[in-house]
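Engineer: Below are the sequence and a predicted model for it; my questions follow.
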Amino acid sequence: MISTLYFIQFVAFYLWQLSAKSAKGGANSTITAKIISNKKAARILGAVLLLITAVGFVCAIGLLSGLCGFVVGLMGVGCLSVVLEPFNYLRLPGVVGLYFCCVALEILI
């Protein structure tokens, strides 16, 4: 459950990062091209996803713990996204593979 919330949070942050005015670089996939061309829709979708994750964290682990988990998670996925984006490591198979590894670790541990 927590891995899924962090994944949704990562997607939301990435949408905001790509739709920022200071975003550099071109579209390296069709999904990225659609995000860059529809910046307002991407920002709204990112905000809705962040709201969903905040509510999910609060429902999963309580009010204050959920808000702290949300803020810490936002800082973590933000750092990950900012570090990996310039190297074009954020491709769909790699991100999905990383998500499934995190879910497997969450289930097994």
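Structural biologist: Structure's in. What do you need?
Engineer: Give the buried residues for the lowest-mean-pLDDT helix or strand in the chain.
Structural biologist: Averaged element by element with mean pLDDT, DSSP states H and E, the chain has its least confident helix or strand at helix 30-37 (a mean of 82). Of the residues in helix 30-37, Ile35 count as buried by neighbour count, 16 or more other CB atoms under 10 Å. The C-beta positions use only the backbone N, C-alpha and C, and glycine is treated the same way.
Engineer: by contact count, what packs against that helix?
Structural biologist: helix 2-18 (3 or more CB pairs under 8 Å, 6 or more residues apart in numbering; DSSP states H and E).
Engineer: Toward the C-terminus, what is the element adjacent to the helix or strand containing Val55?
Structural biologist: Element membership for Val55 (DSSP states H and E) is helix 39-61. Sequence order places helix 63-84 as the next helix or strand after helix 39-61, per DSSP H and E.
Engineer: re earlier: the helix holding Val55 to helix 2-18, inter-axis angle?
Structural biologist: Per axes from the mean of the first three to the mean of the last three CA atoms, to 10 degrees, the angle that helix 39-61 makes with helix 2-18 is 160 degrees.
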